[in-house]
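Novice: sequence and computational prediction follow.
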Amino acid sequence: MLKKNKHLYLGVLLVLNGCLFLNTGESNNASTDPNIEPEPDPLIIITDVGTDAPNGGGGCSETISQDEICESGSVVAECPATGEIKCATDCKSYDFSECLYVSQISAGGDHTCTILDGGIGCWGNDEFGQLDRAPSGAFVSVTSGGSHACAIANDKTVFCWGKNDEGQTDAGTAKFKNISAGNSFACGVRVDDTIHCWGNNGSGQSTPPEGRFVEVSAGYNHACGLKTDGRIVCWGNNDNDKSQPIDGIFKSVQVGLDQSCAINLSGGIECWGGEGEFKNGAPPGSGTYSSLSLGFNFGCGRSSFGSIICW
């Protein structure tokens with residue numbers, strides 16, 4: 001999901017309880033220790049997203065605290081039918097009937113796409129049709145690459161759009177359980193648990209190994225897959241040993257530009273590859289995590305307390 005750009009990913013996008021958040025990383029209460037439960041921070045809530053969604057989270061003048069939660073467990077948010085972006089102030093009188101449900105969001109090299117009530121909405125750079133070529137219909141998953149994106153429809157077929165100079169949008173007719181778009185290629189786990197990749201193959205990144213897998217993650221020019229037995233296999237470019245995974249059993253794997261990380265069975269994050277400050281880098285402390293994502297030369301994970309730890 002990367003473009004080789006040092007300005008990639010200036011913020012962290014979160015989806016919590018069906019609402020879309022933008023955390024710019026400028027919090028005064030941010031903690032680098034995943035074992036410390038963070039104090040509630042004000043978060044700007046964006047509840048209605050389309051191709052005109054503001055970059056950088058602008059357009060919302062009010063904020064509410066993370067601890068202002070309704071009895072149902074959902075964060076207060078207002079979703080007007082007009083599409084106007086607002087922030088909620090009243091927990092008791094809120095009507096969810098007109099709210100767009102955000103189930104997933106994926107940030108690529110120069111654009112972002114999300115699943116809104118089963119449909120796809122994108123914003124950012126549209127030079128190669130990353131926005132206006134997004135398909136209509138019902139989808140369950142979306143992933144954004146360097147200058148292209150792919151999505152899985154309800155019938156498990158895949159539709160890709162955007163830049164196609166390396167064949168990165170030619171997914172074919174197979175059915176998939178999950179997919180991941182890299183810089184100029186993409187990979188997916190088919191319904192028979194095998195991996196299929198398409199697009200640029202200059203480093204062998206579109207030539208996956210045989211075997212049965214449950215997850216795949218595509219980076220700049222390498223990819224890693226999580227096998228059904230919990231072990232990780234990587235392929236493609238191997239600069240800084242980024243395609244030589246740590247031996248062990250894992251729950252999830254993610255790759256970035258020049259590094260790879262995985263969540264082990266204990267919830268800890270282990271990494272390999274990378275260079276400089278990020279070489280074999282893992283988050284500080286010894287906390288547990290439920291998810292992670294890698295960018296150009298940094299990573300972010302969601303701790304068991306719900307806080308975002310970046311390193």
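Specialist: Nice, I can see it.

Novice: could you list the low-pLDDT ranges of the stretch 201-311 of the chain?
Specialist: The stretch 201-311 of the chain contains residues with pLDDT under 70 at 276-281, 284-286.

Novice: so which residues of it form strands?
Specialist: Counting by DSSP state E, counting those that start in this stretch, residue ranges of the strands within the stretch 201-311 of the chain are 213-218, 222-227, 232-236, 250-255, 259-264, 269-273, 289-294, 299-303, 308-310.

Novice: could I get those as JSON lines with distance to Arg190?
Specialist: All C-beta spots, glycine's among them, are computed from the backbone N, C-alpha and C. Converted to JSON lines, those look like this (distance: least, Cβ to Cβ, whole Å):
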{"stretch": "strand 213-218", "distance to Arg190": "9"}
{"stretch": "strand 222-227", "distance to Arg190": "12"}
{"stretch": "strand 232-236", "distance to Arg190": "16"}
{"stretch": "strand 250-255", "distance to Arg190": "18"}
{"stretch": "strand 259-264", "distance to Arg190": "22"}
{"stretch": "strand 269-273", "distance to Arg190": "26"}
{"stretch": "strand 289-294", "distance to Arg190": "23"}
{"stretch": "strand 299-303", "distance to Arg190": "28"}
{"stretch": "strand 308-310", "distance to Arg190": "32"}
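
Novice: how about the ones you listed in CSV, adding mean neighbour count and distance to Cys122?
Specialist: Output for these, formatted as CSV (neighbours: other Cβ atoms under 10 Å; distance: least, Cβ to Cβ, whole Å):
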stretch, mean neighbour count, distance to Cys122
strand 213-218, 25, 19
strand 222-227, 26, 23
strand 232-236, 23, 26
strand 250-255, 23, 21
strand 259-264, 25, 26
strand 269-273, 23, 29
strand 289-294, 19, 18
strand 299-303, 22, 22
strand 308-310, 20, 23
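
Novice: show me the one of those strands that comes nearest Gly121.
Specialist: The minimum distance between Gly121 and the strands of the stretch 201-311 of the chain falls on strand 289-294, with 19.7 Å, by Cβ to Cβ.

Novice: what's next to that closest one, contact-wise?
Specialist: By Cβ atoms under 8 Å, 6 or more residues apart in numbering, the residues outside strand 289-294 that reach it are 12, 34, 219, 252, 254-257, 259-261, 263, 267-269, 283, 299-304, 309.

Novice: cool, stretch 135-144 as well?
Specialist: With Cβ under 8 Å, 6+ apart as the test, stretch 135-144 has contacts from 1, 103-104, 106-109, 111-115, 118-120, 122, 130, 149-154, 159, 161, 178-181, 186.

Novice: among the residues you listed, name the ones in helices.
Specialist: Counting by DSSP state H, the contacts of stretch 135-144 place none of their members in helices.
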